[in-house]
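> Return atomic coordinates for the entry below.
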Amino acid sequence: MTTRRTSDNSKALDAFMTTKFQIDATLERLKALSDDHFETHPDGINWGDVGTLDHYASLLRQITDAAFKESEHAA
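Modelled structure (predicted):
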């Protein structure tokens, strides 16, 4: 007869929750920045601003594709 030890995952749970809180805080910061139009004024927007925003969107797509198993992460 083999005896199985119950795995204590409290450290993993703590680490998971710490990272989750970090993500939540980052998302709140990004939302606030977006609400402020990424600190731009409509009269001052140029193609560099467009490129920067497109780069941000591309990085976020990488995250959402992985999280939602879309694009190249689709099963």
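> Flag the shaky bits of the chain, pLDDT-wise.
Residue ranges of the chain with pLDDT under 70: 1-6.
> quick one: contacts for Thr64?
Contacts of Thr64 were listed using C-beta atoms under 8 Å, 6 or more residues apart in numbering, and they are Glu70. Using the backbone N, CA and C atoms, a C-beta is placed for each residue, glycine as well.
> cutoff 10 Å now
By C-beta atoms under 10 Å, 6 or more residues apart in numbering, Thr64 lies in contact with 70-71, 73.
> Serialize the residues you listed to CSV and add fields for neighbour count, secondary structure and distance to Ile23.
As requested, those are exported to CSV (neighbours: other C-beta atoms under 10 Å; DSSP: H, G, I helix; E, B strand; the rest coil; distance: C-beta to C-beta, whole Å):
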residue, neighbour count, secondary structure, distance to Ile23
Glu70, 11, coil, 18
Ser71, 11, helix, 20
His73, 12, helix, 18
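> what about Thr64, distance to Asn9?
Distance check for Thr64 against Asn9: by C-beta to C-beta, to the nearest Å, it reads 27 Å.
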